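Undergrad: I would like the atomic coordinates for the input below:
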Amino acid sequence: MNEKKEKVIKGRVFHIVQQKKHESTGDILLTKEKIIQGLGHKGIKEWAYILHDKDKKEDGSLKASHWHIMLSCPNQVPLKSVSEWFGVPMQYIEIKSGRGAFENGVVYLTHELI
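TA: Okay, here's the model as predicted:
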């Protein structure tokens, strides 16, 4: 029997972006409590998170409130695990790479320029 093995996507630095509430239904998608719970995993070395609730669209109206979470792990971690830790679908998690990936991501969280 030839079973196709699913490729496991792994990374060390992750950037999660998830809305606080679903725009159409108003359902809560991610809370500070869920973030703190997710940050409790021993595979996370460094982290930072922020709620963006004052970002504006090009027309000047407010964007929906959304969370940004940066994670740095000392070892490779499956993307699926990070998704499960925070209850965020994998498509809302980006794997960052390169020297300074975590630090650059943290700078973005506050919209500071380097």
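
Undergrad: Without its sequence neighbours, what residue ends up closest to the residue sitting nearest the centre point of the chain?
TA: Centrality entry for the chain: nearest residue to the mean C-alpha point is Ile16, 1.1 Å, by CA atoms, centre = their mean. For Ile16, ignoring the flanking residues on the chain, the nearest one in space by CB to CB, 6 or more residues apart in numbering is Ile69 at 4.1 Å. In short, each C-beta sits where N, CA and C put it, glycine included.

Undergrad: Do I have it right that the residue nearest to the centre of the chain meets Leu79?
TA: No. The pair Ile16 / Leu79 is not scored as a contact, 10.6 Å apart, by CB atoms under 8 Å.

Undergrad: Quickly list what's touching both of those two.
TA: Both Ile16 and Leu79 are contacted by Ile93, under the criterion CB atoms under 8 Å, 6 or more residues apart in numbering.

Undergrad: Tyr49 is in contact with the residue nearest to Ile16, correct?
TA: Yes. At 4.3 Å, Ile69 counts as touching Tyr49 under the criterion of CB under 8 Å.

Undergrad: which one of the two has more residues nearby?
TA: Ile69 (24 against 19; other CB atoms under 10 Å).

Undergrad: can you tell me which residues contact the residue nearest to Leu39 when sequence neighbours are not counted?
TA: Among residues not flanking Leu39 along the chain, Trp47 sits closest, at 5.3 Å (CB to CB, 6+ apart). For Trp47, the contact set (CB under 8 Å, 6+ apart) comprises 39, 69-72.
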